[in-house]
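[1] Need coordinates for the following:
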Amino acid sequence: MAERFLCEVANINVLDQLPRVKAPTLVLHCRNDVIVPFPFGQEIAAHIPGAKLVPLEGKNHIILADDPAHRGFFDAVAMFLGDPPFKGALPGSAKFGERLDNAIKNVEQNWFIKLVVIVAAITGVVIFFMEMWKLWFPH
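    As a prediction, the model looks like this:
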């Protein structure tokens, strides 16, 4: 089934439909894409009226966090949408340890979590003293 699916997808040709695209279009493509050669990205952009082609550095078809194209991809999308470029770490680029540290920091800084911890601590102390009272002064 996977082979059949890939063969069918490989035979799809939408070039004759591209001139009908009316929406602002951004085409992002890695110059050294090993799956889909860069000229295909150029061809798609050339057939869409007003499309903007942004060549990205890299060879992967799917851009990963450690790819050279990662920042270029986010900057191009932000610019296309009229947003300021990302500053600092990009989405998806944080390592597991960094994500865990951030999650812990967010929990520590959450006032509701702090309130629950305080109530739980007070409840624990009250229960402890009630049990001690029962041990020291049995009825």
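
[2] hmm, who's touching the helix or strand bottoming out on mean pLDDT in the chain?
    Least confident helix or strand, the chain: helix 96-108 with a mean of 80, by mean pLDDT, DSSP states H and E. By CB atoms under 8 Å, 6 or more residues apart in numbering, the residues outside helix 96-108 that reach it are A89, A94, I113. All C-beta atoms are positioned from the backbone trio N, CA, C, and that covers glycine.

[3] at 6 Å what do you get?
    If you take CB atoms under 6 Å, 6 or more residues apart in numbering as the criterion, helix 96-108 is touched by I113.

[4] pLDDT averaged over the helix or strand just after that helix, what's the number?
    Going down the chain from helix 96-108, the next helix or strand is helix 111-136, by DSSP states H and E. Regarding helix 111-136, the rounded mean pLDDT is 90.

[5] Just give the number of residues close to P85.
    11 (other CB atoms under 10 Å).
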